[in-house]
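Colleague: Sequence plus predicted model, see below.
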Amino acid sequence: MVELFAKYFPNVVAQGWTGDGGWLPAIGETLYMIFWPAIFGGILGLVFGVGLVLTDIDGISPNKTVFGIFDKIVSVFRAIPFIILLAFIAPVTNLIVGTQIGILGALVPLSLGLFPFYARQVQVALKSVDHGIIEAAQSVGATFWDIVFDVYLREARSELIRVTTVTLISLVGLTAMAGAIGAGGLGNMAISYGYGRFANDITFVATFLVLIIVLIIQLVGDFLAKVFNHKVV
Amino acid sequence: MSVEAIRLEKVNVTFTQKEKQVNAVKDVTLSVEKGDIYGIVGYSGAGKSTLVRVINLLQKPTSGRVEVNGEVLFEKNSADEKIISAKKLRARRRKIGMIFQHFNLLNEQTVIQNVAFALKHSNLKEKNITIKAQKLLDLVGLSEKADAYPTQLSGGQQQRVAIARALANDPDILISDEGTSALDPKNTIQILDLLQKINKELGLTVVLITHEMDAVKRIANKIAVMEDGQIIERGDLISIFTNAKEKLTREFLGGGSTKAIATLKEYELGKLADDERLVQLIYMGSKVSEPILVKLYRDFNVEANIIYSNIEVLGKTPIGTLFVILKGTEDNRKKALDYLEKQEVIIKNIEEHEVQKNG
């Protein structure tokens, strides 16, 4: 079995598990680039998404100006292609993490690339909460924060998990592109070692590993979305 | 001496949609007395829901005055707007329970959590909140469903949970916005009876909006009929029922005269000879003890030929409607009608042309 693998995937084996260009560091880097941007971009996206829904014209705290600002920021960042965003915000990246290259340099653009996408997804998820439920909460004297946490976020939690899954999967895609600024990871493995050196077996295995990560995210997400959904019997 | 629970004065609600103004409520003045079950009926789009949302200011009026239990919650004349503080408003809202057509329960929280949600700001300790929520579920007959989620319950059960939630803060007023419209007839009756029980036992004032006249006939003591943002007719149920002035009111009340006249027309039952007159007799079951039609013949020599009859129950009062052709000399007919009037029977003369097919 091992011999058979070595025969058909010689370059994969040559890369080794550890060390420079090894498989384990590549997997680790990809997970690192998913984890931190998911946290930072996620929080930012959630704040913007909630803000958009609350200040919208039919929200509980309508405010045209604030809504307009949120909306424009999200739209502009969403419109910039990620690969250009990497270069475009390099000075900002430098300011925040002290470098604009490598894996650390990828965290800022990944977070900023992620948040507008997530913000729109959160907005759609929260809009699915029936206005009648909000009205009922108001009729029993619920406060602003009661409605944000107990009504919007809690009622939409299953949808939020679902859109978070979608967002994380698209984040996996972005991490591959971050390889362009030397951020490493499986994307870099597939491009630099696989495509660049005509070692198709490396590209194949790197792709396969990315798919496994995506699959795990999808399965966990689907499971949680189901557990937290009491809307349908 | 009756006390006003709700007083709306010259309330207007105008929505602006794409530069078009829609007057949902026009200059409505409404007074609901403590202990009333006040039915507001009308077709959808008449402005009923908008009007009741003004009571707890879920809908802020464009102008007018909103008074609940003697306290002015909102007042706006010309540019001067007065509204109580947000904090006070929340406290007042807790004293005005509300239920909705689609129940509007928190789907991701259990039945008891839904009730407890309303008690979040009640100063009760967590343990006491649970005890009170459980008591409320007992009241609506759902104590064994405390840990179920709303979607696991039937529509009628969900509405009971909503009622428990609405009653959580011991309100004085309960508003039902089409509360039974999404329920089947059996559940409708159960919910209506529950509302009536709450009205009787807890002394709550109930405002009931509906497009189903049967709901109002069953429990309301007063009604208002709304059309196009205005109240076109109002009064206590029995007098409106026996003496509706507006065509729309009669249409809603159905039963009685509208149906009868349609029937008479269709089958041409209203043909009269010279010594015959068609009259409609309306009587309350509790007041008529004598066999009146027999007496008409025996004492006044007037024959009464029943061509249509119907009985409706308003609250607990049965109301009968009879269309009869009275045959006899003019003098005798007059004596007969005088006698009926003494028996507190309401008499309406129906002209022959009213019941002709092309009349």
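Modeller: Received the coordinates, thanks.

Colleague: For the stretch 51-200 of chain B, which residues are neighbours of chain A?
Modeller: With CB under 8 Å from any CB of the partner chain as the criterion, the stretch 51-200 of chain B comes near chain A at residues B:56, B:58, B:90-91, B:93-94, B:96-98, B:100, B:102, B:104-109, B:117-118, B:120-121, B:149-152, B:162, B:165-166, B:168-169. For glycine as for every other residue, the C-beta is placed from the backbone atoms N, C-alpha and C.

Colleague: Just give the number of residues close to A:N229.
Modeller: 17 (other CB atoms under 10 Å in any protein chain shown).

Colleague: let me fix that: B:I346
Modeller: Other residues within reach of B:I346 by the criterion other CB under 10 Å amount to 16.

Colleague: Quickly find the element holding the residue nearest to it when sequence neighbours are not counted.
Modeller: Excluding its sequence neighbours, the residue lying closest to B:I346 (CB to CB, 6 or more residues apart in numbering or on different chains) is B:I282, at 4.2 Å. B:I282 is part of strand B:276-284 when elements are defined by DSSP states H and E.

Colleague: which other helices and strands contact that strand?
Modeller: helix B:255-267, strand B:317-327, helix B:330-342, strand B:346-350 (3 or more CB pairs under 8 Å, 6 or more residues apart in numbering or on different chains; DSSP states H and E).

Colleague: 10 Å - rerun?
Modeller: Judged by 3 or more CB pairs under 10 Å, 6 or more residues apart in numbering or on different chains; DSSP states H and E, the packing partners of strand B:276-284 are helix B:237-242, helix B:255-267, helix B:292-300, strand B:303-314, strand B:317-327, helix B:330-342, strand B:346-350.

Colleague: Determine how far the fourth one lies from the middle of the whole chain.
Modeller: What it means is strand B:303-314. Relative to the centre of its chain, strand B:303-314 is centred 24 Å away, using CA atoms, centre = their mean, to the nearest Å.

Colleague: pLDDT averaged over it - what is it?
Modeller: What strand B:303-314 shows for mean pLDDT is 84.

Colleague: what's the answer for the shortest one, then?
Modeller: Computed over strand B:346-350, the mean pLDDT rounds to 83.

Colleague: so what strands line up beside that strand?
Modeller: In the sheet, strand B:346-350 lines up against strand B:276-284 (antiparallel) (DSSP bridges).

Colleague: Just the angle for the partner strand relative to helix B:330-342, thanks.
Modeller: 10 degrees (axes from the mean of the first three to the mean of the last three CA atoms, to 10 degrees).

Colleague: Now do strand B:276-284 and strand B:317-327, the angle between them.
Modeller: 170 degrees.

Colleague: now strand B:276-284, how far from the chain's geometric center?
Modeller: Distance, centroid of strand B:276-284 to centroid of chain: 27 Å (CA atoms, centre = their mean).

Colleague: For stretch B:110-119, list the C-alpha coordinates in CSV.
Modeller: Output of stretch B:110-119 as CSV, limited to C-alpha atoms (Å, rounded to 0.1, in the frame of the first residue of the first chain):
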residue,chain,number,x,y,z
THR,B,110,-39.4,26.3,25.0
VAL,B,111,-43.0,27.0,26.0
ILE,B,112,-42.0,27.9,29.6
GLN,B,113,-39.1,30.0,28.3
ASN,B,114,-41.5,31.9,26.1
VAL,B,115,-43.6,32.9,29.1
ALA,B,116,-40.6,33.6,31.2
PHE,B,117,-39.2,35.9,28.5
ALA,B,118,-42.1,38.3,29.3
LEU,B,119,-41.1,38.3,33.0
